[in-house]
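J.: Generate coordinates for the sequence data below:
(2 chains)
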Amino acid sequence: MPVYNQSRSRVIQIIFIAVFIVIIGQLINLQVFSGKYKIMADNNAIYRKVVYPDRGIIYDRKKRAVLENIIMFDLVVTPNEAKGIDTTAFCSLLNIDTADYKKRMRDLIFKNTSVKPSVFEPLLTQEMYSKLNENLYKFPGFVLQERSVRSYPYNVGANWLGYIAEVDTSFLRKHKEEGYEMGDYAGYTGIERSYEKVLMGQRGIKRLIRDNRSRLQGSYENGLYDTAAIAGKSLYSSIDVELQQLGEKLMTNKVGSIVAINPKTGGILCMVSAPNYNPNYLTGNQRRKHFSELFTDPRLPLYNRTISSRYSPGSTFKTLVGIIGLAEGVIDEKFTVSCSGAYYGCGTGKPKCLDPGTFKLEGAIAHSCNTYFATVFRKTLDQPQFGSADSGLAVFNQYASSFGLGNKLGVDLPSENRGNLPTPKYYRKIFGSRWQTCNIMSNAIGQGEVQTTIVQLANVMATIANKGYYYTPHLIDSIEGGDEFHQLDKFHEKHYTKGVADTVFDAVQDGMQGVMDYGTGAAVKVPGVVVCGKTGTVENYAKVNGKQEKQKNHSFFGAFAPRDNPQIAIAVICENAGFGATYSGPIASLLIEKYLKDSIVSKERKDKVESMAKTDLIPPLMKKELARMDSIKRAREKPVVEPVEETDSTSTEEDVKPQQDMPSDNPPAKDSNQPKKVNAAAILPLTDEKKNNSKKTRP
Amino acid sequence: MNARNNNISQGIDMTVILLYAMLVTIGILCIFMVEYKPGVDVFSSFLNGKTYYSKQLLFTGVSIIIATFILLADSKLFTAFANLMYAFGILLMLATFAIGSDIKGSKSWIRLGGGFNLQPAELCKIFTALALAKFLSRQETDFTKIKSQIIAGAIVLLPAILARFQHETGLAMVYTCFFIAMYREGLPGKILVIGISFAVLVVATLIVEPNALAITLTIIAALIIYFLKRQIKRNKNILVLIVSLWMVCVGIQRFAVPYIFNNVFECYQSQRIYSAVGKDYDCSQNKNRKSDSKTADNKKAAYKPDDYNVRQSKIAIGSGGLIGKGFLKGTQTRGKYVPEQRTDFIFTSLGEAFGLAGCLSFLLIYLLLLFRVVRMAERQRSTFSRVYAYCVASILFFHIAVNVCMTIGLFPIIGIALPLMSYGGSSLLTFTILIFILLRLDGDRQMVLR
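T.: Predicted structure coming up:
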């Protein structure tokens, strides 16, 4: 048969080749020139699993871990593998009912699909863990997954250690460049926050292959590109855990705080803010519930009073007034003032003096004579060379700020308050440009606009102990592996006071020793130790139902010991407790003994510890608020509430409401953010509510 | 005759057998890549008959046995039974309407039991090729006559229409490739030209904005009239022709194509075609929308964006790069991102693992096979063998081109297997039979068959 159309064979072959060339062209385009497909493939298939490092451990000065990590277990389930298990047995093991089980499973599947593992029950208790561990083989699909959790073996230090929490969107917005991701934990308060960079360590990345339903298939390239997690660095703090424990014990049922500093280094030995909470309360699976409990507690347990609350320092401030008077040469040790019952220099008869007599400086400090320091204060400010009280106050403030007052000290904790040193400008605004020293006399005895935090007060004590210098108080002495971010540099810097001679300090120390020997603090001697101390009893007011009401005095005590070779400087406040020597004095005394002698031996002193610990000094206002909250809670829990009761409780609420909005402080206090954050639904005990014309103060 | 019985390989083209063996082996390895799970004993899983690659191995075994039988058979058998087999194939396809079972949304399968299914539309390709060859090689057939051309077209299109009714659009389209064979036998070239022009116009309609395209067409027509004005002066018919052509083109572009997309095609098909040119198709225009929403295909479309398959397939191939990620190292393959990867998208596993280099060598094997078949066709003395060989070449070419183009996003997705590579017994068996019948006929090329 003849072959027709032979040429068409060529045409067909050309068509074949043409189509293949088109295909090859597209292949070259896809495989060689389009880089995006590689990236898209990686996005598809490579799951970057973050491996969390252990956070750093925090040790006390004797290398005891105050904060460490323990392993806890989550019960994790992959729902589609857990089908057909004996639900009843499983539920009885977990103490839940089957309806709850079904609901949880439904929620997990809804949130995280049924093929991915999700946490069924987080942070099991030890007991639950061992129970499950034995029986888990019966329940396929369930596994126990370990997780590193913060743990506080000594149950102390909650306020300054702080807590970590899962980051939220606002945190992520603020820390954009630091590589946080949703689900990470970060330090939110305290040391955990200040040293977050060091503590967090470095996360590792594991690259895993996942399939189209996000199930993991194994490691990518056998882990060639994985990076290992680097554990966070440990911190060595200056805290003495035993002192901290004792301090927290002594502050049970009190509102107030303690700061003890090693004057030689500035290292904080003990920092107690009361009331506080057991830090372990905020770990474990009840964290959320516990946190909201603490958050709404009117006693503000989450609030670190040592650095964030500011108080009028009261008589403890007199030491500083004396020092400045001596340094300026307006008085000497032998300068004498007679007190007949009040200071009449300004014609007001204020401040009053409860301990009339004639005093030199030593006696004036020892007996806390108001008139004496009123005189000294006025002499200092009204020196002829200054020309006006205005410039006199400016000089006075230079001295005071060189002792660390009126500015943030730079403690390594977030939200430190700067206290307040009233400026001449401020008084010009209030009294006009020609104001007189007499307008501000209450500052002489620490009752005016002068306000300090407890850490500032402790620092003043340390400065007096050191005779003229201090190191910025701090909690962390050293960081494992070196101070990479230079966070500790400022703590090695000596701060000198403005030209005060040693003799001046000797004179004031004589007075402070007198306080303990025969003065206001004679009742709180530390056996066998020469302590220099100063009591303080501070009037204060709180706004109740819109009215300023005088509250019970704050009890202050500042001290350092031993005099010759100071090892510890301490400041204590018990809010609304009463006389300085009655409450804060013994606490300081016991702590000094504990620190210097390592233990409290004598029975009498031991009893003192117990009796102080038992003393309940929660201010009545707070108790009232607590009771109110309890009653609301009870009313809510009651299934049926009688209508009368209901209106009652609402009216109470209305009554109390204004308190929440009240300004927490004098005008200059507006810079403090911390109270705003915490004081929701709670009364702020108005510690620092003051009037300019302050009244008599008992030493 | 005796000599051939003693040695079946006599006269058989070993090159084709070699290429066939290479492709089947590569196919099994590709399926293995797709289905591989780490930590499984490879040897036993290859033999246990439960995994897809071991099943494919089994199909290969069956195919080899059948291939042997074909080589042992007499070539006259195929010419003699061509029409009968065609009738049988058509009957089988009709039977599927009655006894077919629903697999993957298409009612084109007959259950054989033991977990194996048969797709008659697949097998019917062989019968159609034989029947076409038989018809064209008849002494009385004069293919230059329109009547013969229509009959040949009918032979080819009957199974295609049946396949279309079984919702196997891909398989139906395969039957159009017989026109290549017919072209070789004398079908006017104009038909191919018109066909291609029509395809270009349709694609242009999809890509270019309607008004712009209409204007472009008008300008082209005007230019042609301008350049041909002398001829037009001489012969007015040319002008009439050009104007009517212009009108037809614009008509197709403005009315026919949208009508087809909205009324003839099902929603998911329109979507796939549009997604192949990188556009979205608004399903709300589709008349078949409501009835379609019940079918499994459409549910899938609603669940995942319709270009999901193409995108994943392009990602897998594109991420292979120049030399690929290596055997069993493809992340997309291991993660099962490409749907239907072991069947229609088997090419993606190859592209990802071996990259451009692998793809080119692989395509070269196919090209060699195609050219070898065309060469075999041209050396036949009998028209029957030649037509049949061209049918085989056309079917192979169409499958390869459409399948590969669809994985690299040049063609809408239709269910067409990659010959000898894709998982599936029907497909492998069909191509084996196609090729080995050709080898048998080629072995007897000295005979004149009718």
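J.: rest of the way, CA atoms for contacts and neighbours
T.: OK.
J.: Residue 419: neighbouring residues, count only.
T.: Assuming you mean chain A. Counted by other C-alpha atoms under 10 Å in any protein chain shown, the residues lying close to A:G419 total 29.
J.: that answer is for a different chain, and I need it for chain B
T.: Number of residues near B:P419 (other C-alpha under 10 Å) recorded here: 25.
J.: check contacts around it.
T.: Residues in contact with B:P419 (C-alpha atoms under 8 Å, 6 or more residues apart in numbering or on different chains) are B:L396, B:H399, B:I400, B:S427, B:L428, B:F431.
J.: for A:A45, same thing?
T.: A:A45 neighbours (C-alpha under 8 Å, 6+ apart): A:I209, A:R210, A:D211, A:N212, B:T331, B:Q332, B:G335.
J.: before we move on, the earlier item: could you dump the contacts of B:P419 to JSON lines with neighbour count, distance to chain A and pLDDT?
T.: As requested, the contacts of B:P419 are exported to JSON lines (neighbours: other C-alpha atoms under 10 Å in any protein chain shown; distance: C-alpha to the nearest C-alpha, whole Å; pLDDT from 0 to 100):
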{"residue": "B:L396", "neighbour count": "23", "distance to chain A": "11", "pLDDT": "94"}
{"residue": "B:H399", "neighbour count": "21", "distance to chain A": "12", "pLDDT": "94"}
{"residue": "B:I400", "neighbour count": "20", "distance to chain A": "9", "pLDDT": "94"}
{"residue": "B:S427", "neighbour count": "23", "distance to chain A": "22", "pLDDT": "89"}
{"residue": "B:L428", "neighbour count": "24", "distance to chain A": "22", "pLDDT": "92"}
{"residue": "B:F431", "neighbour count": "22", "distance to chain A": "19", "pLDDT": "94"}
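J.: Which member of the contacts of A:A45 is positioned nearest A:T169?
T.: A:R210 (27.2 Å; C-alpha to C-alpha).
J.: Spatially nearest residue to the closest residue to chain B within the stretch 201-350 of chain A (excluding sequence neighbours)?
T.: Nearest to chain B, among the residues of the stretch 201-350 of chain A, is A:D211, at 3.4 Å (C-alpha to the nearest C-alpha). Leaving aside its sequence neighbours, A:D211 sits nearest to B:G335 (C-alpha to C-alpha, 6 or more residues apart in numbering or on different chains; 3.4 Å).
J.: is it true that the one you found touches A:G218?
T.: No. Here B:G335 does not reach A:G218: they are 10.3 Å apart, not a contact under C-alpha atoms under 8 Å.
J.: what touches both of the two?
T.: A:I209, A:R210.
J.: Between those two, tell me which one has more neighbours.
T.: Under the criterion of other C-alpha under 10 Å, the comparison of B:G335 against A:G218 puts B:G335 first, with 21 against 14.
J.: For the more buried one, give me phi and psi.
T.: Taking degrees, to the nearest 10, you get phi -80, psi 0 for the backbone angles of B:G335.
J.: Contact partners for it?
T.: A:A45, A:I209, A:R210, A:D211, A:N212, A:Q217.
J.: among the residues you listed, who's most crowded?
T.: Among these, the one with the most neighbours (other C-alpha under 10 Å) is A:A45, at 27 neighbours.
J.: for the longest strand seen in chain B, packing partners?
T.: If you go by DSSP state E, chain B has its longest strand at strand B:106-113. On a contact count with 3 or more C-alpha pairs under 8 Å, 6 or more residues apart in numbering or on different chains; DSSP states H and E, strand B:106-113 meets helix B:75-99, strand B:101-103, strand B:116-118, helix B:120-137.
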